[in-house]
Every structure is written in C-alpha cells, then in structure tokens.
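*Asks:* Build the 3D model from these lines:
(one chain, ligands or ions: 1)
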Amino acid sequence: MKVPFIDILRYEKNFYETVSEKTVALLKNGHFVGGPIVGEFEASLKSYTKTEFALGCANGTDAIQVALRAAGVEKNDKVLLPDMTFWATFESVVNVGAIPFTVDVSRETLHLTVAAVKEGIEKFNPKALLLVHLYGWACPETLGIRKLCEEKGVILIEDCAQAIGVKIEGQSLLTNAYVATTSFYPAKVLGASGDAGGIFTTSSQIAQTAQKLINHGRTSHYEHGLIGWNSRLGAYEANFLNESLKHLDARLDSRRAVCKQYREKINHPQLKFISPAANVWENGYLSVALMTPESRPAFIEYLKKHEIGYGTVYPGAMSEQPGAVNHLGGKISHGNADWIAKSVINLPCFAYMTQQEVDYVIETVNNYK
Ligand SMILES: Cc1ncc(COP(=O)(O)O)c(C=O)c1O
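*Replies:* Residues are numbered from 1 along each chain as shown. This next block holds a predicted model:
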C-alpha cells in the first residue's frame, strides 16, 4: 500500500460540484478581483475565527509583511522571532526593511517560552515580536507572552499560518490576538486552490491600514495614501475558501483523529510522539514525533521502502539558513531549534485519510526493527 504524506484532493461529495458551479458563475459575472465573494469570505472567516477584523490577501507571506507594516514596524526596527519556523517568517521581516533577531524555542513544547522572550527583549530591545504557532498547535505560553509584550511595549504579531481552528484555554487562538496572520496555501488545513492569506486584528486602526496596504495604499481609486502592495485576494480563491470553510470542522476532526491514533497506537522505542500542551486544542495539521538525530535517517529509508510519505517540519533553524547570513541582527541559541530540526519526523496526516491507510502506517511503524 502507498500512503502519501498529504493528499489535498479528498473533497467532500458536494464540494467539487458547488465550487465548480460557483466558479462558472464568476466566469460569467466578471468579478475576478474583489467583488462580493471576497467580502462574503472575509465575513465567514471573521465569524469562524471569532475575530474583530478578518481580511483576505494574496498569501501568508504578504500577510506577515502587511501586518508588520500596519502595526508600525519600519526600516531598521528590530523584530524577534523563533529560530524554529518556516523561512517566510524571517523573510518577511527583512522584506519590510526591519532586522530579524532569533530566539531559541523549548525542546519540550517546541515553541517560544515567556522566559526566552523576556531574555530576547532584555538583550535586543526589539520593537516587535513575531510569535509563531507551529504544527497545528498554539504556543502554550501565548497568554503569558501577550501579557509580557503589552507590559514591555513590544508589538506582538502572531504567525498563525498553521493554526486556523486552534484553541487556547478553550477559546479561538485568534480571538484576542492583537494582530495575526495566516496562510491558505493549498496544503494548509484551510487551503485555497492557489495562494492566499489572511490578516486578523482586534484593532480597527490596524485593519484599516492593512486594507490599504493590500491594495496599493489606496484611500480612493486614484488616491494613494501609503506605499503598499498589490496583495489582493482573488475571487476564485475566495470562492474556493468560502466553500472549504463550510467543511472545515469535519476536516479538522478527521485530522485530529489521525494524530490521536498515532499517539495512542504507535508504540516504538525510537519514536516519541509529542502532544500539544494541555491548554491547547490542536487542529490536526501535523503529527509530530521526535527521534534521535542518529536514528532518523534509517527510519526515513524504511518509510520510503514501505511507500509511506513523511515530513521533517522544519529541517533547519532560521539562523542557520544560508540566506540569513547578511540579515540576522543577533541570536540567542541553546541549540534547541537545530536539535529539533534534526530529530523531527511527521507521518502522513490529512483530512479523510482512510482507516486502512492509518492502520497501515501504524502497523508498519510498529514493525520497524
Ligand atoms: C509558519 C508559516 N509562516 C508563513 C508561511 C507563509 O505562507 P505562504 O506560503 O502562504 O506565503 C507559512 C506557509 O508555509 C508557514 O507555515
């Protein structure tokens, strides 16, 4: 049997037909950019995530850049971020002319801690922090980090590219996030059929500025109050996302069930499955296990031999990337991000994996000698 790491084409029965019909309607009415469907999607997104303001944009990287600028991060400002994230988080800081400073993550929670952020603030005196929530979890110390940033006057922006549908302390992670962003890249839990992203905020001021930045800094059609970008969400993606959102709860339940079964049924001395912290409700984006760096290569070969897809999210620390050399302002490292990068292994996990596929993965991994 062959089990891919991810299959993004397992749609619900009526999803394909509905999206197709509505796509034909768009082809006929010519609302290709913007238009009512974008507004409709933004309203559904706001309601699903329980946020004050939700905006669509072109992709998750633009979303971070727009959020940084809208929140007041300017040229040469210092921005802290975790050493373990996707490169887009680092890249966005540089793209708005600011300077990235990395802080190490915890080996236990794989996320930032209040203590690490405090150390970063004391050492680097940053203007902003990009808090990243990885693996379909939330950073378990989010509430403490929000409080710390408020006390220290550090602008907090949360990269929730992997965290749509995640809860912390029983509440949507996005509800009280001052400014947050997401990605609707097709492989995300709420994926578009191309690139798309989103920005969330509790501030009407930030929402208004972000809206302008997304659309050439426009204050009216031919008046431009800001230097922005063209990062508008297209109507086809808004349509696809709007229909996907209707099925999101079922998709997330299906993913969570896969992660749960791996944790409960895989029993192998070389793999340690990591669960999100007790105050976090995951969305099932990724299954996460750790191995010793020495044992991982042989296990990967075994997975390949048995045609089981896998991931290593992410295989390198940000501060170690060749592209970081000329941009990194400074770092605090205890070697944790690097160790996680060499130890992490992700098994197949996607919405509507069949029980047969899940059982095959479990049995094959349990039989690994
Ligand atoms: C943590 C994180 N941040 C940012 C991004 C960037 O999103 P996009 O690929 O939509 O630009 C991603 C997507 O892969 C991500 O996982």
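
*Asks:* From here on, just use CA atoms for contacts and neighbour counts.
*Replies:* Noted.

*Asks:* Which helix or strand contains the spatially most central residue of the chain?
*Replies:* Centroid-nearest residue in the chain: A161, 2.0 Å away (criterion: Cα atoms, centre = their mean). Using DSSP states H and E, A161 falls within no helix or strand.

*Asks:* List the buried residues in stretch 133-145.
*Replies:* 133-142, 145 (16 or more other Cα atoms under 10 Å).

*Asks:* for stretch 69-88, that is, sorry about that
*Replies:* Buried residues in stretch 69-88, counted by 16+ other Cα under 10 Å: 69-71, 73-74, 77-88.

*Asks:* Go through these and flag which are in helices.
*Replies:* Among the buried residues of stretch 69-88, DSSP state H puts 69-70, 87-88 in helices.

*Asks:* With distance to the ligand and pLDDT added, can I get these in TSV?
*Replies:* Below are these laid out as TSV (distance: Cα to the nearest ligand atom, whole Å; pLDDT from 0 to 100):
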residue	distance to the ligand	pLDDT
R69	16	98
A70	17	98
W87	7	98
A88	5	98
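
*Asks:* Show me which residues of the stretch 51-200 of the chain are close to the ligand?
*Replies:* Selection of the stretch 51-200 of the chain residues close to the ligand by Cα under 6 Å from any ligand atom yields 59-61, 85-86, 88-89, 159, 161-162, 183-185, 195-197.

*Asks:* Most proximal residue of the stretch 151-300 of the chain with respect to the ligand?
*Replies:* Using Cα to the nearest ligand atom, the closest approach of the stretch 151-300 of the chain to the ligand is made by S183 at 4.1 Å.

*Asks:* ok, that residue touching F200?
*Replies:* No - S183 lies out of contact with F200 (Cα atoms under 8 Å); the separation is 11.6 Å.

*Asks:* In three-state terms, how would R146 be classified?
*Replies:* Following DSSP: H, G, I helix; E, B strand; the rest coil, R146 is assigned to helix.

*Asks:* Give me the neighbour count for the residue nearest to the residue of the stretch 151-300 of the chain closest to the ligand when sequence neighbours are not counted.
*Replies:* Ranked by Cα to Cα, 6 or more residues apart in numbering and with sequence neighbours excluded, the top spatial neighbour of S183 is G60, at 3.9 Å. Using other Cα atoms under 10 Å, G60 has 26 other residues around it.

*Asks:* Look up phi and psi at G60.
*Replies:* phi -70, psi -30 (degrees, to the nearest 10).

*Asks:* How about the contacts made by it?
*Replies:* Contacts for G60 (Cα atoms under 8 Å, 6 or more residues apart in numbering) come out as 161, 181-185, 196-198.

*Asks:* swap in F299?
*Replies:* Y368.

*Asks:* do the same with E243
*Replies:* Taking Cα under 8 Å, 6+ apart, we find E243 in contact with 15, 18-19.

*Asks:* Tell me how far the host helix or strand of it lies from the chain's centre.
*Replies:* Using DSSP H and E, the secondary-structure element containing E243 is helix 235-265. From the chain centre to the centre of helix 235-265 is a distance of 14 Å (Cα atoms, centre = their mean, to the nearest Å).

*Asks:* Walk me through the domains of the chain.
*Replies:* 15-243, 248-366 (automatic domain parsing).

*Asks:* Mind picking the two most distant members of the contacts of G60?
*Replies:* Greatest spacing in the contacts of G60, by Cα to Cα: T181 and Y185 (12.6 Å).

*Asks:* More neighbours: these two, which one.
*Replies:* Taking neighbours as other Cα under 10 Å, T181 and Y185 compare with T181 leading, 33 against 20.

*Asks:* where does the stretch 51-200 of the chain have low pLDDT?
*Replies:* Within the stretch 51-200 of the chain, no range satisfies pLDDT under 70.

*Asks:* Show the subsequent helix or strand relative to the helix holding E243.
*Replies:* strand 272-273.

*Asks:* And the helices in the stretch 151-300 of the chain?
*Replies:* Along the stretch 151-300 of the chain, counting by DSSP state H, counting those that start in this stretch, helices occupy 204-214, 235-265, 296-305.

*Asks:* Need these in TSV (columns: distance to the ligand and mean pLDDT).
*Replies:* Below are the helices of the stretch 151-300 of the chain laid out as TSV (distance: least, Cα to the nearest ligand atom, whole Å; pLDDT from 0 to 100):
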stretch	distance to the ligand	mean pLDDT
helix 204-214	14	98
helix 235-265	12	98
helix 296-305	22	98
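
*Asks:* quick one: secondary structure of Y314?
*Replies:* coil.

*Asks:* right, and it touches T85 too?
*Replies:* Yes - using Cα under 8 Å, Y314 is in contact with T85, at 7.0 Å.

*Asks:* Would you map the strands across the stretch 51-200 of the chain?
*Replies:* 53-57, 78-82, 99-103, 128-132, 155-159, 167-168, 171-172, 179-183, 197-201 (DSSP state E, counting those that start in this stretch).
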